[in-house]
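J.: Predicted model follows, preceded by the sequence.
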Amino acid sequence: MRKNLVAAGTSLLMSATAVQAQGIQITPAGTLPTTLGAAQNFNGHVAVDIKSAGGSGKHGSVGMVDFAPGARTAWHTHPVGQLLIVTDGKGWVQEDGQPRREIKTGDVVWIEAGVKHWHGAAQTNGMRHLAIAYVQGGKSADWKELVSDEQYNAR
């Protein structure tokens with residue numbers, strides 16, 4: 001009888017562990033395809049790898065973004081702000097009405113909610129960053145007009 005109780009208790013514990021494990025979802029690397037940045041939101045060659053698992057996309061947007069030299073986002077804002085973590089290369093970020101600022105490998109950039117800005121690679125160097133933006137009202141970004149070559153090249 002005691003053996004049966006121990007076996008039943010062990011089985012119950014294993015079932016509870018399995019249920020808890022279902023609260024963690026993993027998307028294996030390479031499962032989601034790389035997409036090219038949409039022409040209305042980016043100048044130049046931009047590749048985006050969305051980083052998402054389970055229902056995480058309903059809470060925020062996370063993407064590893066690769067910019068070829070000279071490539072950049074359009075002007076845009078975020079309803080809850082945006083965090084950029086530069087993982088490789090050199091680029092620029094610019095708030096509307098302010099001078100552009102250099103960003104490079106290891107830099108972490110916070111952009112406040114509602115701030116109109118763009119970011120991308122420098123003219124002669126590519127840049128990769130992890131971009132994190134939370135969702136509010138069903139969206140994580142409000143895209144505006146493309147950054148002109150004149151705006152991009154202005155110091």
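T.: Ah, there it is.
J.: The longest strand along the chain - which strands sit beside it in the sheet, and in what orientation?
T.: Counting residues, the longest strand found in the chain (DSSP state E) is strand 82-95. Sheet partners assigned to strand 82-95 using DSSP bridges are listed as strand 101-104 (antiparallel), strand 108-111 (antiparallel), strand 117-121 (antiparallel), strand 127-134 (antiparallel).
J.: which one of the ones you listed lies closest to Asp149?
T.: Among the strands paired with strand 82-95, the nearest to Asp149 by C-beta to C-beta is strand 117-121 (12.2 Å). Quick note: C-beta positions are derived from backbone N, CA and C, even for glycine.
J.: what does that closest one contact?
T.: 42-44, 46, 67-77, 84, 89-96, 103, 109, 111, 127, 129, 147, 152 (C-beta atoms under 8 Å, 6 or more residues apart in numbering).
J.: Now, of the residues you listed, which are buried?
T.: For the contacts of strand 117-121, a neighbour count by 16 or more other C-beta atoms under 10 Å gives the buried set as 42-44, 46, 67, 69-77, 84, 89-94, 103, 109, 111, 127, 129, 147, 152.
J.: quick one: stretch 146-155 to chain centroid distance?
T.: Relative to the chain's own centre, stretch 146-155 is displaced by 23 Å; criterion: C-alpha atoms, centre = their mean, to the nearest Å.
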